[in-house]
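Q: could you work out the structure for the sequence below:
(chains A, B and C)
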Amino acid sequence: MSASESSHLEHQFDDAEQQFGAANLGMWIFLLTEIMFFGGILAAYAIYFVTFADVFEEASNHLSWEMGGFNTLVLLGSSFTMARAVAAAQSQGPGAQVRWLIGTILLGLAFLGIKAWEYAGKFEDQLVPGRNFSVASEFAAVEELFFSFYFLLTGLHAIHMVIGIGLLGYLAVRARMGDYDRSYFTPVEMAGLYWHFVDLVWIFLFPMLYLLGRH
Amino acid sequence: MDVKPGLLDGVPLPDLMPEEFEEENYLNAEYGVRSWLLTRDHKRIGLLYLFTLTGMFVLGGLAALGIRLELLTPVGDLMGDDSYNKMFTAHGIIMIFFFLVPSIPAVMGNFLLPLMIGAKDLAFPRLNLASWYIYLLGAALAMGAILSGGVDTGWTFYTPYSTEGSNTNVTMTAMGIFVSGFSSILTGINFLVTIHRMRAPGLTWFRLPLFVWSQYATSIIFILGTPVIAITILLVAAERSLDIGIFDPALGGDPILFQHLFWFYSHPAVYIMILPSMGVVSEIICCFSRNRIFGYKFVAISSLAIALLGFLVWGHHMFVSGQSTNAGLIFSFLSFAVAVPSAVKVFNWTATLYRGSISLQAPMIYALGFIGLFTIGGLTGLFLAALAVDVHLTDTYFIVAHFHYIMVGGALMAYLGALHFWWPKITGRLYSEALAKVSAILVFLGFNLTFFPQFILGYLGMPRRYHVYPDEFQVLNVFSTAGASILGIGYLIPLCYLAYSMRYGPRAPKNPWGAAGLEWQTSSPPPTENFAETPVVDEEAYDYRRMDEKAEASL
Amino acid sequence: MHVAPDVSLYRNIFLCLITLTGVTVSIAFVDLGPWNVLVALTVASTKALLVLLYFMGLRWADRLIRFGVVSAVFAVLILLGGVLNDDFHRQIKRFQPVQEIRASLEDLRVRGLDGLPAREVD
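A: Got it, this is the predicted structure:
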């Protein structure tokens, strides 16, 4: 009926608590590598911002803060539903677990949908570096630099979201089969850490890309 | 008469003749290709890495052969400029990313870590296997790029040449390196979690073998450093393939920013390559001088100090590339500082040898060679850390000699020493000690003949990465190539006798060296589960005096 | 292993995050000069901290994990600091007043030395 601890215990661990502690520490250390990964490119972006602040501000005005802002709310909502999903995995039944997981997935897909719409708009507006870029500005080159970062940062973020959605889909299937309960919900909690982290990155991306020079 | 328990030269121990192993161990527990390619056993994965890395080393060595043959003459007669550029780029990329960075952690760390801490396996065995496959994928991509046209940017990929100037397989090589970075990251995660969460009862931090401390420090660098090279390489690949210019000066991009990002990882990377070797040397020195390490805590903490300080010095690779003098001053000062923990280790190893009962088996020869050659390499690093001296010596053969003293005279010798020291444990066989001693000495002599002339060449002004040089440099280059031939032979011989010993070597007992450490408490080779019962530790590490007294008393 | 926080905490944190998002958007439209960037980063960091501490459970996590997060952030700051320090001391034209940069860029353009494709005369 309920998943028993021992059926999930791997042979290299002494007990379930050690196994969970290992999984938790492992996921956090992986997230540290993600901090360094996004931190690296964000640092590069920040350095160029210091250099070209006014041009970056001008370029940022080409982005739709409304879409970015709405997407931020969507993603924050998905973190909320994810947190509820982890709590459900621990203290509620498969029904609730699946509902909260699907909710998270739907919000994630909504985010990606809006992102795709934004990207399409960029093609129309001739704001795609290297492919179709043209702005009426004496610093067009630097604006192209800004948009290079825009696509790289949001693109990398989107790839992480796609992976996250895939993970959550898998968890939803397992949850429906009743695999998670109070004694074993590690995969859901670990996926939760990953999902919140992806939200965290966007929390920085939104103001740093969309809200420059709006005054 | 003092008693030295351990391996008697070349004499097979009685009752344990070659051929079959009686008990089940990790090698004979399961047979067949699938049992190897789908294994979760950290010991088998270590061996998988051993075979792949040996292959990569041979490829990198062939590139080195090409370089040294070309440099026999001052003109470009064996190959043209572009081919030479591709040759040294291939050598650097293969040796650094696909041999040295994984080497000791992936082979010895994977094999030994659980054994040394009394665990049954690493924390995440499937991730461990994935790590190997990811490495293979990265290596395949990079080798594909190298063999199908090559890359000529140098392993450092400086922009804007790598992003705009070069018309070679930069993107594919970059992707290979990017992928293999994940292999390192997974290994780092596995090691950190294992060391934190799976130590045997009684095994407190300051009772750990120093090899474990060195793997811990190395793993920190894997975690914090590798993602930065990953994103940097990705940016270069994006710029090349998608025309998204981050380092493109025409868009306001800054090539120096590339160098900052690149070296932010690549300097700590050199500590990834040397820290595990230092751990190996600590193990070997203690065993073959029958002494406890002098200043255990200092040596342990110095590994952490090197890892941490190593993140603060990357600018010393950029003194003449356009970096500001102010930054140069800061990085120069910090580079002097990072030498201190390394020096602490050298002093403590030397003090460990003092009044020890020293026996010069092959692992010990490698370890002693390490101490001498690493010291020279490290000291020349201090010369280079001085700004004014660096202006003269940078981008010359002095630099080439400096890092080869550390990487080949240091890291590679320690890798060989580790292979020999733990060979009985890994394979359950003894190798030919006589041949091993001869090879170790050949390696040492060949190495010095190869690289010492390069210090002189560099000081006299021969630039690196050039294959056409003034005539007056030829003599030293010929010495260097001669040395390289001897070095090559020195590497080939162990390949032969180690492979031979796997089938025909005498059977090894549990602890042929009489060494301290949990890995020696289990059979050679160990059973799949490592220990019949989880060991409990109540002694300090390296308690050789007490061990030897007990052995003597029981006779 | 661990106690599940009660879900009203999640709801409250979520509402804080929404509010802070509103704050950051509103302030972006107010001219605070150079302070805009600092305020934006501070608000973002606060939101990040809320997610880290409460959604990701860092508040109740091992000291080791908290130390790890701080170390990684620190490492990024070292990279940022090192490069910014170098850029500042390189005295490249970037840190000159914008008017001067525009003037020198315009000068290069007129002389055809700016490396950009020729602009059409309008």
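
Q: skipping adjacent residues, who's closest to the residue in chain A that chain B sits nearest to in space?
A: Nearest residue of chain A to chain B: A:G130, at 2.6 Å (CB to the nearest CB). Any C-beta I mention is one placed from the backbone N, CA and C, and that applies to glycine too. In space, and not counting its chain neighbours, A:G130 is closest to B:D243: 2.6 Å by CB to CB, 6 or more residues apart in numbering or on different chains.

Q: near that neighbour, how many other residues are there?
A: Using other CB atoms under 10 Å in any protein chain shown, B:D243 has 17 other residues around it.

Q: check contacts around A:R174.
A: A:180, A:187 (CB atoms under 8 Å, 6 or more residues apart in numbering or on different chains).

Q: if you set the cut-off to 7 Å instead, what comes out?
A: Residues in contact with A:R174 (CB atoms under 7 Å, 6 or more residues apart in numbering or on different chains) are A:Y180.

Q: check which helix or strand covers it.
A: helix A:140-176 (DSSP states H and E).

Q: in that helix, which residues are buried?
A: Neighbour-count burial for helix A:140-176, counted by 16 or more other CB atoms under 10 Å in any protein chain shown, picks out A:140-154, A:156-158, A:160-161, A:164-165, A:167-168, A:171-172, A:174-175.

Q: name the residues that touch the helix or strand just after it?
A: Per DSSP H and E, helix A:140-176 leads on to helix A:186-205 as the next helix or strand towards the C-terminus. Identification of contacts with helix A:186-205 by CB under 7 Å, 6+ apart yields A:20, A:23, A:27-28, A:31, A:34, A:38, A:42, A:72, A:75-76, A:78-79, A:82-83, A:85-86, A:89, A:104, A:153-154, A:157, A:160-161, A:164, A:167-168, A:171, A:180, C:44, C:47-48, C:51-52, C:55-56.

Q: quick revisit: what's the pLDDT at the residue of chain A closest to chain B?
A: pLDDT, A:G130: 83.

Q: for the one 10 residues further on, same thing?
A: Per-residue confidence (pLDDT) for A:A140: 84.

Q: same check on A:S78?
A: Turning to A:S78, the model gives it a pLDDT of 97.

Q: next, whichever residue of chain B sits closest to chain A: phi, psi?
A: Nearest to chain A, among the residues of chain B, is B:D243, at 2.6 Å (CB to the nearest CB). Per-residue torsions, B:D243: phi 60, psi 30 (degrees, to the nearest 10).

Q: so how far is B:A269 from it?
A: Per CB to CB, to the nearest Å, B:D243 is found 29 Å from B:A269.

Q: now A:L109
A: A:L109 is 39 Å from B:A269, by CB to CB.

Q: ok, those two, which is more surrounded?
A: B:A269 (22 against 15).

Q: and that one, what's its pLDDT?
A: 97.

Q: show me which residues of chain A sit near chain B.
A: Residues of chain A lying near chain B by CB under 7 Å from any CB of the partner chain: A:11-12, A:18, A:21-22, A:25-26, A:29-30, A:32-33, A:36-37, A:40-41, A:44, A:47, A:52, A:129-131, A:141-142, A:144-145, A:148, A:151-152.

Q: kindly recompute the last result at 8 Å.
A: Contacts of chain A with chain B, taken as CB under 8 Å from any CB of the partner chain, map to A:10-14, A:18, A:21-22, A:25-26, A:29-30, A:32-34, A:36-41, A:44, A:47-48, A:51-52, A:129-131, A:141-142, A:144-145, A:148-149, A:151-152.

Q: just the ones of these in helices?
A: Residues of the residues of chain A next to chain B located in helices (DSSP state H): A:18, A:21-22, A:25-26, A:29-30, A:32-34, A:36-41, A:44, A:47-48, A:51-52, A:141-142, A:144-145, A:148-149, A:151-152.

Q: just the buried ones out of these, please.
A: The buried subset of these (16+ other CB under 10 Å) comprises A:18, A:21-22, A:25-26, A:29-30, A:32-34, A:36-41, A:44, A:47-48, A:51-52, A:141-142, A:144-145, A:148-149, A:151-152.

Q: quick one, domains of chain C?
A: Annotated domains of chain C cover C:1-61, C:62-113 [automatic domain parsing].

Q: and those: which comes nearest chain B?
A: domain C:62-113 (3.4 Å).

Q: could you give the average pLDDT over the closest one?
A: 82.

Q: can you give me the end-to-end distance of it?
A: 58 Å (CA to CA, to the nearest Å).

Q: and it, how far out from the chain middle?
A: Remark: domain C:62-113 is offset 13 Å from the chain centroid, using CA atoms, centre = their mean, to the nearest Å.

Q: now swap in stretch B:194-201 and tell me
A: 24 Å.

Q: start to end distance for that stretch?
A: For stretch B:194-201, the end-to-end distance is 14 Å (CA to CA).

Q: contacts for that stretch?
A: A:12-13, A:18, A:21-22, A:25, B:113-114, B:117-119, B:122-123, B:208, B:212, B:215-216, B:219, B:518, B:534-537, C:64.
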